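Chemist: Mind looking at a prediction? Sequence and model below.
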Amino acid sequence: MPAIKSLTMVYDALNEDGTFSEGDPIRGKVTLVVEKPTAVQSFFVKVKGDAHVRWTTRSGNHNHTHSANRRYFKLKQFLIEESANETVIPPGVHVYNFNFTIPSTSMPSSFRGTHGKIVYILEAKLSRSWKVDKTADKVIVFHSKSFPHLQSLMLRQVAEKDKELGVFSSGKVHMEVTVDRMAYAPGETAVVVAKIRNSSSSDMTPKVRLSQVIVYTASSSTKHENRTINKMAHQIIGPHSEKEVKWAVKIPTNQEPTIKNCEIISLEYILKVYLDISFAFDPEVTFPVIIIPPDLASASQQAVSGPSWGPHSSDFHPAAASAPCYPPSTHRYEGAQPYSVAPPSYPANPSGYAGPPMAWGFNQGISSYGSPSSSRVLHPPPNPTAFYPPTSTFPPPPSAPVAHPGSSAPPGSHPHPSAPSYEPPSYMSTTNFLSQSDEPPPAYSLIFPSSANDESGGNK
């Protein structure tokens, strides 16, 4: 009869989807069922996050393997400390609690692909002399909330394209395309509107395609994967006619979030609107699409549409507060006419403006554990190893008299000067890719920091 009957582990979910993000706590318990006294060398729980890529190329008669690994964090908590003298566990059911806090630094979302993966694992491990280790593990789903300038991603995108047709047809075509925003959660719908003026002698079919682009990087080599997520076509537009077409492009409910904060795996989405013309190069415009977690999308939309932009108490993770800013490019194509978009309203007193909240941190409740049954032995978690000093307290600064508008200042006093006018930040304006040429689509480095020298590529 084996000495250890079973080793199981459960953790407390923070939301309906059971996902975790930067700065979230992970609490749970490990249950060990022992049939007879057992000597244990060590017993611990650990949680870690890793990224791996691997693929093989063939050159002549030789195969070359490309691989790379990245570790984002690893935390360990001992339930039974490792020592030279083994600890004897008596027969019975033993329950151990554990408690971790995921680091607040930016880390990529969970992902599994053909040539790589990003995994976050919770594992319990019991070691004994001259015995095989007993383990229990759980894969946790991690959704990154590190998206700089999230609110600006909720503004619409606009682009236009002019193209002269020749050889088999004459005339030209003009296309203006608007996408309601850039960031979407899985299950949401992108609204695409195209105004097309066909001044040529050819028929053309408007089409839209949402594609996924994955790039694996290892040893300065890259491996690309392109996949079509959704593709739709509209009715044919005849020669010398104008038409406005609309599409509702659905984002699949199981779609993986965008990944641009991993050095070895990049996951992007491209929305392309084009005119399918026989015997001609198809005019097209492209837009970046960002897939974000559902709770992050709803919070950012409320923040954009909310009436208040004034001071507020921040609930965001330290990663959100320290995330770098990446302003959009100021490049404008020659001859392009800017679109008129009403800027968001701001309070009259600019000194109280705290800027748009970069909302990717949330207060999430944690369910508590009930008392164990009388037949079980409850082991409290070990003492914390880290010391957290108390926060220093500083007295508030003395208040200064304020001269209100319309009131006369007493003799000898100096009224405060009027506040300077406030100009809305450039990233809050509508993203505008005007008069696109045949160059590749806009780079994601406008939004995310580039983590590796990836080779860009895409299919028409």
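Modeler: Looks like it arrived, so ask away.
Chemist: lowest-confidence helix or strand of this structure?
Modeler: helix 318-321 (a mean of 37; mean pLDDT, DSSP states H and E).
Chemist: Can you read off the pLDDT for the nearest residue to residue 182 once chain neighbours are set aside?
Modeler: Nearest residue to residue 182, sequence neighbours excluded (C-beta to C-beta, 6 or more residues apart in numbering): residue 153, at 4.5 Å. Every C-beta, even on glycine, is put in place using the N, C-alpha and C of the backbone. Per-residue pLDDT puts residue 153 at 91.
Chemist: surely residue 153 meets residue 180?
Modeler: No. Taking contacts as C-beta atoms under 8 Å, residue 153 lies outside contact range of residue 180: 11.6 Å.
Chemist: what about those two, which has more around it?
Modeler: Neighbour count, other C-beta atoms under 10 Å: between residue 153 and residue 180, residue 153 has more, with 23 against 14.
Chemist: picking up where we left off before, confirm the residue nearest to residue 182 sits in a helix?
Modeler: Yes. With DSSP: H, G, I helix; E, B strand; the rest coil as the criterion, residue 153 is part of a helix.
Chemist: Show which residues not belonging to stretch 52-66 make contact with it.
Modeler: Stretch 52-66 has contacts (C-beta atoms under 8 Å, 6 or more residues apart in numbering) with 67-69, 115-117, 119, 216-219, 221, 223, 264-265.
Chemist: First-to-last residue distance for that stretch?
Modeler: 11 Å (C-alpha to C-alpha, to the nearest Å).
Chemist: circling back to that earlier point, please identify which pair of the contacts of stretch 52-66 lies farthest apart.
Modeler: 119 and 221 (22.2 Å; C-beta to C-beta).
Chemist: Number of residues surrounding residue 135?
Modeler: For residue 135, using other C-beta under 10 Å, the count is 12.
Chemist: For it, grab phi and psi.
Modeler: phi -130, psi 160 (degrees, to the nearest 10).
Chemist: so it makes contact with residue 122?
Modeler: No. Assessed by C-beta under 8 Å, residue 135 is found out of contact with residue 122, at 11.2 Å.
Chemist: Common neighbours of those two, please.
Modeler: Counting by C-beta under 8 Å, 6+ apart, residue 135 and residue 122 have no contacts in common.
Chemist: Quick one: low-confidence residue ranges for the protein.
Modeler: For the chain, applying pLDDT under 70 flags the ranges 167-168, 297-460.
Chemist: tell me the helices in it, going along the chain?
Modeler: For the chain, the helices defined by DSSP state H cover 294-305, 318-321.
Chemist: okay, now the domains of the protein?
Modeler: Domain assignment of the chain by automatic domain parsing yields the ranges 4-146, 147-303+428-454.
Chemist: Can you tell me which of those is packed in deepest?
Modeler: Mean neighbours per residue, mean count of other C-beta atoms under 10 Å, is largest over the domains of the chain for domain 147-303+428-454, with a mean of 18.
Chemist: which residues does residue 195 bridge with?
Modeler: Judged by DSSP bridges, the bridge partners of residue 195 are residue 176, residue 244.
Chemist: what does residue 31 give?
Modeler: With DSSP bridges as the criterion, residue 31 is bridged to residue 8, residue 95.
Chemist: who are the neighbours in contact with it?
Modeler: When contacts are taken as C-beta under 8 Å, 6+ apart, residue 31 is in contact with 6, 7, 8, 9, 93, 94, 95, 96, 376.
Chemist: how about 7 Å then?
Modeler: 8, 93, 95 (C-beta atoms under 7 Å, 6 or more residues apart in numbering).
Chemist: ok, now how distant is the first one from residue 29?
Modeler: Taking C-beta to C-beta, to the nearest Å as the measure, residue 8 falls 9 Å from residue 29.
Chemist: before we move on, what about the second one?
Modeler: Using C-beta to C-beta, one obtains 12 Å as the distance from residue 93 to residue 29.
Chemist: same check, this time on the last one
Modeler: Spatial separation of residue 95 from residue 29 under the definition C-beta to C-beta is 6 Å.
Chemist: can you check residue 270 too?
Modeler: Distance of residue 270 to residue 29, computed by C-beta to C-beta: 44 Å.
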